[in-house]
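Visitor: Quick one: sequence and predicted model below, then my questions.
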Amino acid sequence: MKDIRDLTDKIIKFRKERDWEQFHTPKDLAISLSLEASEVLEHFQWKNNDEIKEYIKTHKEHIGEELADVFYWVLIMSHDIDIDIVEAFNKKMEKNAEKYSVEKAKGNHTKYTEL
């Protein structure tokens, strides 16, 4: 997918200009990914469903920035360890479709091992 490659190229250029590749071990990339995902969670912590609906209306841009940070680390990590993220995504969706068949999973939040 050209768009994913373009975004990844933009990230690699950004990193190269700053000489940050030296700091980007798989461990540290995974940590950064986890930390950014935690920052997404922080937006919703301690809020009930009604509060979340209101919060999203006024903080959508900030939430988007945090999601973009997560996406950044997914793209750079998949690049560095040579994983075609689009291919990996498609394969995972195929597995999910098998584990969560429409017949068994539709309208049901039960884990696939319990269906």
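Guide: Now that the structure is in, tell me what you want to look at.
Visitor: can I assume residue 66 is in contact with residue 38?
Guide: No: in this structure, residue 66 is not within contact of residue 38 by Cβ atoms under 8 Å, at 9.3 Å. From N, CA and C alone the C-beta is placed, and that goes for glycine too.
Visitor: between these two, which one's more packed in?
Guide: residue 66 (18 against 12; other Cβ atoms under 10 Å).
Visitor: can you list contacts of stretch 100-113?
Guide: Applying Cβ atoms under 8 Å, 6 or more residues apart in numbering, the contact partners of stretch 100-113 are 99, 115.
Visitor: what does stretch 44-57 give?
Guide: 43, 63.
Visitor: for it, the distance to its chain's centre please.
Guide: Counting by Cα atoms, centre = their mean, to the nearest Å, stretch 44-57 is centred 21 Å from the centre of its parent chain.
Visitor: Could you do stretch 17-29 as well?
Guide: Distance of stretch 17-29 from the chain centroid (Cα atoms, centre = their mean) equals 19 Å.
Visitor: For that stretch, measure first residue to last.
Guide: By Cα to Cα, to the nearest Å, the extent of stretch 17-29 from end to end equals 18 Å.
Visitor: likewise stretch 94-107?
Guide: Rule used - Cα to Cα; the end-to-end distance of stretch 94-107 is 19 Å.
Visitor: and residue 49, how many neighbours does it have?
Guide: Neighbourhood size, residue 49 [other Cβ under 10 Å]: 7.
Visitor: Contacts only, for the residue nearest to residue 7 when sequence neighbours are not counted.
Guide: The shortest distance from residue 7 to any non-neighbouring residue, by Cβ to Cβ, 6 or more residues apart in numbering, is to residue 75 (5.9 Å). Going by Cβ under 8 Å, 6+ apart, residue 75 touches 4, 7, 8, 11, 85.
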